[in-house]
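Enquirer: Mind looking at a prediction? Sequence and model below.
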Amino acid sequence: MALINDTTLRDGEQAPYVAFNTQEKLEIARLLYAAGADELEVGIPAMGSKEQEDIKEILALNLPLRIMTWNRATLSDLEASLECGVKAVDLSVPVSQTLIDVKLGGDKERLFRNLEEVVTLAKKEGLFVCIGGEDSSRADESFLAEIMNFGSSLGADRFRYCDTVGILTPHTTYEKISYLTTHSDLDIEMHMHNDFGMATANSIVGFEAGAVSANTTVIGLGERAGNASFEQVLMSLKHQFKEERYIDPLVLQTLVQSVAHAANRQIGHNRPIVGRDIFSHESGIHVNGMIKSLNAYEAFEPEMVGLHRFFPIGKHSGTSTINYHLKAFGITPVASKVQNLLPKVREIVTGRKSVLEPSELVELYLCS
C-alpha cells in the first residue's frame, strides 16, 4: 500500500503568512491520523526551543504512526531532533548543481561527507532515516542514483525526491522515478510542489512509477503555490487505486476546516474533493442525467467527503431542474408553463448574478 507522509505541520506551515500555535498543531496532528495519514512530518527542531517543545507535545499524543522531523544534513540539526525524542528524521541535502553551488560552494564531496556523518549517527541511534534530495528534479539522474546507493550503503531507509521548484510534468516524473527505481533499491518518497498546478498529479504518477510514499499537505498548503494535496491524494488512492482505506467524512471536513482556519486561508468553492460547490449541477443536461442516475456526472458520492448535492436554479438550468424543485414543493409541473418560465429565470439570474431560491421559483411559477 502507498504511504501518505503528511507535512502540513512542517512544509505546510512554511507557507507565507502562516503560523500554527501549539494547540492548533496538536489538533491537526490528531485529525490527520484520524483522517488516514500514514506518517507525519511535524516540524524543524533546529528552529529552537519552542519548536522543540511543540514537537515533544505532538509525540506525547502517542499517535500510532511514524512521526518525523525535518533537518539539514548536519550534526547540530540531527542532535536537535534527537533531543526531541523522535524516531524518524528527514536529512536534507542539495542535489542539483544549482543548489550545490549555492549551499556547498560546488563541493560535491562535502555533500557525501555530510551524509556519511549524519546518516551513520542517526542509524546508530536507531532512527528511521529519509534522505531528502533538495531540488531532485533539476539534478542529474545518475548522480541521484549514486547518492541513493551511497545512502543505502549507510543504512538509510528512504530517499525523498523533491520537485523543489515545481517544474515537473507527469510524463517527466514517470521517466525520472522509473529510472531511479531501476538503478537503486532505496525506497522513494515524492515531495512535489505545485508551481504549475501538477503537484498532486506528479505524486500519483510517482506511485505508478514505483515510489512508495508521498508528502502531502492539507488543502495543498505550502510555499509559493503549495504542495500535493492530502485530501486529493487520499481519495485518489482509495477510488482510483482501489486501496482499502476508510475515510470518515466528518473527520475529513473537520481537518480541512481546521487547517484552513489555522492558516487563515479560504477554501475555493470548486476545490477538488472538498470544495463547497463541486457537487452542484446547474447544466440542464447534467441535472437530467443525475436525476436518472446519481453516478452520471459524479466520480464519487458527496457524502463520502461530508458534502451535499445541489441543483441550483441558474442561467443554464433546464426543465429537469425546474420540475425537480417544483415537485419538491408538491407541485405537478405543467410542461408548457415550465418551458415559458425558463427565459424569465435566465433573465433574472443573469441580471442579479445569483441563482434563484426554490421558493422564488415556486412564486414565479404560480404567478405565470
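Expert: Nice, thanks for sending it over.

Enquirer: make it CA atoms for all contacts and neighbour counts henceforth
Expert: Noted.

Enquirer: Isn't residue 78 up against residue 70?
Expert: No - the criterion here is Cα atoms under 8 Å, and residue 78 misses it with residue 70 at 9.0 Å.

Enquirer: And stretch 246-258, how far out from the chain middle?
Expert: Stretch 246-258 sits 13 Å away from the centroid of its parent chain (Cα atoms, centre = their mean, to the nearest Å).

Enquirer: got a list of contacts for that stretch?
Expert: Applying Cα atoms under 8 Å, 6 or more residues apart in numbering, the contact partners of stretch 246-258 are 24, 28, 31-32, 34-36, 218-219, 231, 274, 303-306.

Enquirer: can you tell me which two in those residues are farthest apart?
Expert: By the measure Cα to Cα, 24 and 303 form the most distant pair in the contacts of stretch 246-258, at 26.3 Å.

Enquirer: Could you pull out the residues contacting both of residue 78 and residue 70?
Expert: Counting by Cα under 8 Å, 6+ apart, the common neighbours of residue 78 and residue 70 are 89, 91.

Enquirer: Ranking helices and strands of this protein by mean pLDDT, which lands last?
Expert: Ranked by mean pLDDT, DSSP states H and E, the weakest helix or strand in the chain is helix 358-367, scoring a mean of 91.

Enquirer: From the contact counts, what lies against that one?
Expert: Counting contacts by 3 or more Cα pairs under 8 Å, 6 or more residues apart in numbering; DSSP states H and E, helix 358-367 is packed against helix 319-328, helix 335-352.

Enquirer: which of the ones you listed sits most buried?
Expert: helix 319-328 (a mean of 18; mean count of other Cα atoms under 10 Å).

Enquirer: now that helix and helix 335-352, what's the angle there?
Expert: Here the directions of helix 319-328 and helix 335-352 differ by 100 degrees (axes from the mean of the first three to the mean of the last three Cα atoms, to 10 degrees).

Enquirer: Between residue 24 and residue 303, which has more neighbouring residues?
Expert: residue 24 (17 against 12; other Cα atoms under 10 Å).

Enquirer: Settle this for me: that one is touching residue 263, isn't it.
Expert: No - counting by Cα under 8 Å, residue 24 does not reach residue 263; the two are 9.8 Å apart.

Enquirer: can you give me the helices in the stretch 101-250 of the chain?
Expert: Counting by DSSP state H, counting those that start in this stretch, the stretch 101-250 of the chain has helices at residues 108-124, 141-154, 170-183, 199-209, 230-235, 249-263.

Enquirer: what's the neighbour count on residue 249?
Expert: Neighbours of residue 249 (other Cα under 10 Å): 16.

Enquirer: Can you tell me how far it is from residue 280?
Expert: From residue 249 across to residue 280, the span is 18 Å (Cα to Cα, to the nearest Å).

Enquirer: which residues does residue 212 contact?
Expert: The neighbours of residue 212, taking Cα under 8 Å, 6+ apart as the test, are 1-3, 187-189.

Enquirer: Closest one of those residues to residue 178?
Expert: The shortest approach to residue 178 among the contacts of residue 212 belongs to residue 188, at 10.4 Å (Cα to Cα).

Enquirer: if I read this right, that closest one contacts residue 211, doesn't it?
Expert: Yes - with contacts counted by Cα under 8 Å, residue 188 reaches residue 211, the gap being 4.7 Å.

Enquirer: what is in contact with these two at once?
Expert: Residues touching both residue 188 and residue 211 (Cα under 8 Å, 6+ apart): residue 181.

Enquirer: So what pairs up with the spatially most central residue of the chain in the strands?
Expert: Centroid-nearest residue in the chain, with Cα atoms, centre = their mean: residue 229, separated by 1.4 Å. Beta bridges link residue 229 to residue 217, judged by DSSP bridges.

Enquirer: Now do it against residue 191, distance only.
Expert: Separation of residue 229 from residue 191 (Cα to Cα): 11 Å.

Enquirer: hang on, the earlier thing: quick one: contacts for the residue nearest to the centre of the chain?
Expert: With Cα under 8 Å, 6+ apart, residue 229 has these contacts: 199-200, 216-221.

Enquirer: how far does stretch 282-298 stretch from start to finish?
Expert: Start-to-end, stretch 282-298 (Cα to Cα) is 13 Å.
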